[in-house]
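S.K.: I'd like to go over a predicted model; first the sequence, then the structure.
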Amino acid sequence: MKDLQKMHYFEVPTVMKHSLGAVKNIPEALRQLGVKKPLLVTDEGVVKAGLLDKVTKPLKDASISFELYDEVVFNPPLATVAAGTVKYNSTGCDGLVALGGGSSMDTAKAIGVEVAHDEPVIEYECTEDKKVLSKRIPPLTCIPTTAGTGSEVTMWAVITDPKREFKFNVGGPLVAAHLALVDPLLHLSMPNEVTAGTGIDALCHAIECYTCAYAQPQTDAAALMAIEFAGKYLRRAVAYSQDVEARYYMAMSALLAGLSYGSESAGAVHAMTQTMGGIFPVHHGLAVGATLVPVMEYNWMGEPAKYARIALALGVPAIGMNEREAALAAVEAARDLTEDIGIPKLGALGIDKADIPRLAKAAFNDPQTTGNPRDMSIEAYEKIYKRAF
């Protein structure tokens, strides 16, 4: 925590419930929130995986009517949000249920912003020249089907503006879900590549939030446990999709990493990958995995003591090492993990080295750069991008 003069705050607007089979409790959860007809926000992949029935069957059995909006795409654009808002308003819904990964949960949050404020969500982008949220979104229940973004507990929604080729944030306590209902059994159908990409995203959230300039004791505690769980269980979850114990603790890793965001932001990895995702149709988690280790190689000198602690959380026998040795061991442990679970390099994701100058400039201008534990420049971003290839 570098700025001890700053007033820090930590708020958790979201109730968190979790268990194997937790999704069966969705009818009672909606009753407690006073929701009689939710808009169920999800994507085609969730439907094809057969996960939609896990939610709709309990709702039908409880005679709870709902509307389905299954048109979410990854890196959701403004048009996807707007179409969901139209369906919510035109069908008499009074609440939201998000089923899926970060894209579905962020879309549901953004729909909630538009419903509550009767304006496009872009009007509330987190910049000084935009409006500030003034109303709580309708009751939102988030049911994650992946263990990655932690959007079920974060106070952020990330939406793509195609005109600017830019992903922007809308955030604050008013946009957070009312309830996170976490059922690790829903994660068993995730393909290995998705498990790897989402899991490394959770690990990255924790590492960045633990070491960033906005860190505080509350977020540090959540981040360290998230790192430990990911270090211990991510390989198992990728290797054997039906490992329920690994799925459970990766779900907890993602949730805790989401909490470690607190009310602030992350660092260089997410500055790079969030801006990259606004320009190119890349999978966010895999892009995070490709850039995590190069950023750690650059950043460790900004927070060497914390990097040494990360080594312990990742299972490195660092006792007897000096601080520098342990910090560098953390970087190598993260490298081993990304290689073991098959995270590709940036080139394999369709990014060309010729794009580096544009990507470096975009990352430098991203707000998350300000939280990075080591001073950044466009030139530094260019060097990091080159190492990610």
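M.R.: Perfect, I can see it now.

S.K.: only C-alpha atoms from now on, for both contacts and neighbour counts.
M.R.: OK.

S.K.: show me where the stretch 101-250 of the chain has helices.
M.R.: 102-117, 192-211, 217-239, 244-260 (DSSP state H, counting those that start in this stretch).

S.K.: got a markdown table for those, with mean pLDDT and distance to residue 23 too?
M.R.: Formatted as a markdown table, the helices of the stretch 101-250 of the chain follow (pLDDT from 0 to 100; distance: least, C-alpha to C-alpha, whole Å):
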| stretch | mean pLDDT | distance to residue 23 |
| --- | --- | --- |
| helix 102-117 | 97 | 16 |
| helix 192-211 | 97 | 20 |
| helix 217-239 | 97 | 21 |
| helix 244-260 | 98 | 14 |
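
S.K.: so which of these comes closest to residue 159?
M.R.: helix 102-117 (7.2 Å; C-alpha to C-alpha).

S.K.: angle of the closest one against helix 192-211?
M.R.: On the basis of axes from the mean of the first three to the mean of the last three C-alpha atoms, to 10 degrees, helix 102-117 is oriented at 60 degrees to helix 192-211.

S.K.: need the helix or strand of the chain with the lowest average pLDDT.
M.R.: Least confident helix or strand of the chain, by mean pLDDT, DSSP states H and E, is strand 166-171 with a mean of 91.

S.K.: not counting that strand itself, show me its contacts.
M.R.: Identification of contacts with strand 166-171 by C-alpha atoms under 8 Å, 6 or more residues apart in numbering yields 75, 110, 121, 124-126, 155-161, 274-275, 277-279.

S.K.: quick one: strands adjacent to it?
M.R.: Strand 166-171 has the following sheet partners, assigned by DSSP bridges: strand 156-161 (antiparallel).

S.K.: could you check the angle helix 244-260 makes with the partner strand?
M.R.: Using the same axes, to 10 degrees, strand 156-161 lies at 80 degrees relative to helix 244-260.

S.K.: contacts for strand 156-161?
M.R.: Residues from elsewhere that reach strand 156-161 (C-alpha under 8 Å, 6+ apart): 75-78, 105-107, 109-110, 151, 166-172, 175-176, 278.

S.K.: quick revisit: return the members of the contacts of strand 166-171 classed as buried.
M.R.: Neighbour-count burial (16 or more other C-alpha atoms under 10 Å) applied to the contacts of strand 166-171 gives 75, 110, 121, 124-126, 155-161, 274-275, 277-279.

S.K.: low-confidence bits of this protein, can you list those?
M.R.: Residue ranges of the chain with pLDDT under 70: 1-4.

S.K.: contacting residues for residue 110?
M.R.: The contact partners of residue 110, by C-alpha under 8 Å, 6+ apart, come to 81, 121, 157, 159, 170, 175.

S.K.: measure residue 48 to residue 265 for me?
M.R.: Separation of residue 48 from residue 265 (C-alpha to C-alpha, to the nearest Å) stands at 33 Å.

S.K.: between these two, who's got more neighbours?
M.R.: Using other C-alpha atoms under 10 Å, the more surrounded residue of residue 48 and residue 265 is residue 265, with 23 against 9.

S.K.: contacts only, for the closest residue to the more buried one other than its chain neighbours.
M.R.: Excluding the flanking residues, the one nearest residue 265 by C-alpha to C-alpha, 6 or more residues apart in numbering is residue 368, at 5.9 Å. Going by C-alpha under 8 Å, 6+ apart, residue 368 touches 265, 266, 267, 268, 270, 271.

S.K.: doesn't residue 296 make contact with the fourth one?
M.R.: By that I understand residue 268. No. Counting by C-alpha atoms under 8 Å, residue 268 does not reach residue 296; the two are 9.4 Å apart.

S.K.: those two: which has the busier surroundings?
M.R.: residue 268 (31 against 25).

S.K.: ok, how many other residues are close to residue 240?
M.R.: The burial count for residue 240: 14, using other C-alpha under 10 Å.

S.K.: list phi and psi for it.
M.R.: Here is the backbone geometry of residue 240 (degrees, to the nearest 10): phi -140, psi 100.

S.K.: against residue 269, how distant is it?
M.R.: From residue 240 over to residue 269 the distance is 28 Å, taken as C-alpha to C-alpha.

S.K.: how about residue 59?
M.R.: 39 Å.

S.K.: those two: which has the busier surroundings?
M.R.: residue 269 (28 against 20).

S.K.: element containing that one?
M.R.: Element membership for residue 269 (DSSP states H and E) is helix 268-279.

S.K.: next: residue 42.
M.R.: strand 38-43.

S.K.: ok, and what's touching that strand?
M.R.: For strand 38-43, using C-alpha under 8 Å, 6+ apart, the contacting residues are 65-73, 84, 88, 93-100, 104-105, 107-108.

S.K.: and if you look at stretch 64-75?
M.R.: 27, 36-44, 47, 59, 80, 84, 87-88, 91, 93, 103-104, 107, 158-160, 167, 277-278, 281, 283.

S.K.: what residues sit buried inside it?
M.R.: Neighbour-count burial for stretch 64-75 [16+ other C-alpha under 10 Å]: 64, 66, 67, 68, 69, 70, 72, 74, 75.
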